[in-house]
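# This is a predicted model, with the sequence first.
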Amino acid sequence: MIPIILGISSLLTPSAKINSLYHSLDPSSIAQALAFYELYPETKEGTLALQRVHELLGGDLILEGVNENLGKALKGVMSLVNRDTCIEKVILTDRELTYIKQLGRVLSNRKLRGYYARTEEEMLALDPSDYDLGRALLLTQLADNPEDLQTYEAMLDLMALQVKARLPPQSTPEQKIEWLNRFIFYEMHFRFPPHSLYAQDIDLYTFLPSVLDNHLGVCLGVTTLYLALAQRLDLPLEVVTPPGHIYCRYREGDKEINIETTARGVHMPTEIYLSVGTRASKIRNIKEVVGMTHVNQASIYLHRKDYSKALSSYKKAECYLPHDPLVDELIGVTYFLLGQEKEGRDYLSKVKGIVLDENVVAETRAIDILEGNADTGAIEAILMEVNDQRSSILEKKQALEKALESNPYFREGLIQLAVTHLQLNRTKEGLQTLKRYHAFDQTNPTVEYYLAALYAERKDYRSAWKHLDKAKAITQSRNHKSKTLNTLEKELERVSPS
């Protein structure tokens, strides 16, 4: 006779199995407790699991059971956050919304005046230190849908409460960051979308409601979610904006923890965000972050050549970013594209020749437009988007070449053309284009660096050293020690000591 080996679980009665499963749940997991309740709502353990959910969310202790209405409410509110992104959006009842608001009274954003703003105008009147980012974003993005606004705000509260349930008493900032990262990126699976998606509809992956719906977001979209939750958990974070990017940072004395939201919240060294021409990253306040979402939306309209809508979005951004050089330049450029030259000159004149604190040299776009070195065709060429398809790079290369025929001194056009050559592995053409730039302007450290690197690749070390020395002189004049230049210098010293 063949012996039959039975697992321990097969020896248990059904009620004992349920009891064993209940005691195997993670005591700090709201999701596990709620899932258990949904499976066994009529059991003693199911009632205890529901009671645990209520307690972890911050509700008062229930000593004698949990009524059916509370169970339905909890199931409804938690499905709002933990639902599959393919399922139709959950609409909360007034009772559920009231219940969440009561639970959310323990969250730190309730101390901010911005939490109680009812209109965008009220929010704009506040000092940036009073801003509740979640409410500010929802007011500017859902002004005509107050019911949706309440629902998305409830989602933020529930997400923060789930993280709060995991935190130990008197938790440190480091612990809050650790559990926020676990929850957002590993439990909720928020991710950076594929380039083919966000290049066409970046607003879908920037605006907070869409990010919450799809669990997909570009750096700005997921960073705003992170910041909204951090405000609820009393976690003070800086908002750091290198060129074309944004991330969060916790700083205390000499300690820095960078939170890279496109890489699941991991810490990246600060120097990787700098470049030859960028010596520091700009720190933004919460009010400015709201404006940046409108800048992102405007960029889509700009690339689609819908310049009227782009201008409208930039003007909206200007409300949150008054006197911001980047916004002023973009508004000026858009006016030029609309044929409103006077208005365009007024805005571009504000930023012409200004060297921003975080940059090594002044940007050249405003200068070249005002001095007649770039017409509307040239501007449209540099605004063309490229994707991972070779055809899109070729299309932009051809547009830039055509624009530069009539705008031979348009510096940004020359740099972008050189980049397209390099993307196509045409280093000879890239070198020739950069030499055209250098022939009439030798003040751009990035151009000098590219020339040095390309000459080094061709083993023309004398020319490589000449351009590297030029780049170093420019950056050092602004007290910028570029890691990129240092790396190239070490390589040149190895193969051809100066």
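Thanks, I have it. Residues are numbered from 1 along each chain as shown.

# Tell me which stretches of the stretch 51-200 of the chain form helices.
Ranges of helices in the stretch 51-200 of the chain, per DSSP state H, counting those that start in this stretch, are 68-82, 94-103, 120-124, 133-141, 146-166, 173-181, 195-198.

# Out of these, flag the one nearest residue 285.
helix 133-141 (10.1 Å; CB to CB). (C-beta placed from N, C-alpha, C; glycine too.)

# which helices and strands sit right next to the closest one?
In this structure, helix 133-141 makes packing contacts with helix 120-124, helix 146-166, helix 208-214, helix 219-232, helix 286-303, judged by 3 or more CB pairs under 8 Å, 6 or more residues apart in numbering; DSSP states H and E.

# could you give the angle of it to helix 219-232?
In terms of direction (axes from the mean of the first three to the mean of the last three CA atoms, to 10 degrees), helix 133-141 departs from helix 219-232 by 130 degrees.

# Next up, the contacts around residue 332.
The contact partners of residue 332, taken as CB atoms under 8 Å, 6 or more residues apart in numbering, are 343, 344, 345, 346, 347, 348, 350, 351, 366, 369.

# make it 10 Å
Counting by CB atoms under 10 Å, 6 or more residues apart in numbering, residue 332 touches 314, 340, 343-352, 365-366, 369-370.

# Most neighbours of all those residues, which one?
Neighbour counts for those, by other CB atoms under 10 Å, peak at residue 314, which reaches 28 neighbours.

# residues near residue 333, how many?
Count around residue 333 with other CB under 10 Å applied: 26.

# The nearest residue to it once chain neighbours are set aside: neighbouring residues, count only.
Of all residues beyond its chain neighbours, the one nearest residue 333 is residue 379 (6.2 Å), with distances taken as CB to CB, 6 or more residues apart in numbering. For residue 379, the count of nearby residues is 22 (other CB under 10 Å).

# Can you verify residue 379 is assigned to a helix?
Yes - according to DSSP: H, G, I helix; E, B strand; the rest coil, residue 379 belongs to a helix.

# Test my guess that it contacts residue 337.
Yes - counting by CB atoms under 10 Å, residue 379 touches residue 337, with 6.3 Å between them.

# Please identify every residue contacting each of these two.
residue 302.

# Let me know whether residue 403 touches residue 373 as I believe.
No - contact criterion CB under 10 Å: residue 403 and residue 373 do not qualify, at 11.0 Å.

# Return the most buried member of the helices of the stretch 51-200 of the chain.
Highest mean neighbour count among the helices of the stretch 51-200 of the chain (mean count of other CB atoms under 10 Å): helix 133-141, with a mean of 25.

# Now do the same contact list for the nearest residue to residue 335 once chain neighbours are set aside.
Leaving aside its sequence neighbours, residue 335 sits nearest to residue 344 (CB to CB, 6+ apart; 3.5 Å). Residue 344 makes contact with 331, 332, 333, 334, 335, 336, 337, 338, 366, 369, 370, according to CB under 10 Å, 6+ apart.

# Now, those residues that are in helices?
Those of the contacts of residue 344 mapping onto helices are 331, 332, 333, 334, 335, 336, 337, 366, 369, 370, per DSSP state H.

# what helix or strand is the residue nearest to the second one when sequence neighbours are not counted on?
If you skip the residues right next to it in sequence, residue 332 has residue 347 as its closest partner in space, 3.3 Å away by CB to CB, 6+ apart. With elements delineated by DSSP states H and E, residue 347 resides in helix 341-351, which encompasses its position.

# sorry, back to before: closest one to residue 392 out of the ones in helices among the contacts of residue 344, please.
residue 337 (20.9 Å).

# And for the closest one, the neighbour number?
If you count neighbours by other CB under 10 Å, residue 337 ends up with 19.

# So it is in contact with residue 381, correct?
No - using CB under 10 Å, residue 337 makes no contact with residue 381, being 12.0 Å away.

# quick one: low-confidence parts of the stretch 151-300 of the chain?
When residues are selected by pLDDT under 70, those of the stretch 151-300 of the chain lie in 194-204.

# list the buried ones in stretch 373-390?
373, 374, 376, 378, 379, 380, 381, 382, 383, 384, 386 (16 or more other CB atoms under 10 Å).

# what residues are up against the last one?
What it means is residue 386. Each residue near residue 386 by CB under 10 Å, 6+ apart is listed here: 195, 199, 392, 393, 394, 395, 396, 397, 416, 419, 420, 423.

# Sort out for me which of those residues are in helices.
Within the contacts of residue 386, residues falling in helices by DSSP H are 195, 392, 393, 394, 395, 396, 397, 416, 419, 420, 423.

# Could you check how far the second one is from residue 420?
Taking CB to CB, to the nearest Å as the measure, residue 392 falls 10 Å from residue 420.

# Between those two, which contacts overlap?
Counting by CB under 10 Å, 6+ apart, the contacts common to residue 392 and residue 420 are 384, 386.

# okay, the two: which has more neighbours?
Between residue 392 and residue 420, residue 420 has the larger neighbour count (other CB under 10 Å), namely 24 against 15.

# mind checking pLDDT for the more buried one?
Residue 420 is assigned 97 on the pLDDT scale.

# dump the residue contacts of the nearest residue to it once chain neighbours are set aside.
Using CB to CB, 6+ apart and skipping residues adjacent in sequence, the residue nearest residue 420 is residue 397, 4.2 Å away. Counting by CB under 10 Å, 6+ apart, residue 397 makes contact with 381, 384, 386, 416, 417, 419, 420, 421, 423, 424, 426, 429.

# Excluding sequence neighbours, find me the nearest residue to the fourth one.
Nearest residue to residue 416 in three dimensions, chain neighbours excluded: residue 382, at 5.4 Å (CB to CB, 6+ apart).

# give the contact list for the one you found.
Residue 382 makes contact with 333, 365, 374, 396, 399-400, 403, 410, 412-413, 415-417 under the criterion CB under 10 Å, 6+ apart.

# what about 8 Å?
400, 412, 413, 416.

# next one: residue 45
Counting by CB under 8 Å, 6+ apart, residue 45 has contacts 18, 19, 21, 22, 36.

# distance of the second one from residue 26?
Residue 19 sits 16 Å away from residue 26, going by CB to CB.

# okay, these two: which has more neighbours?
The neighbour comparison of residue 19 against residue 26 (other CB under 10 Å) goes to residue 19, with 16 against 10.
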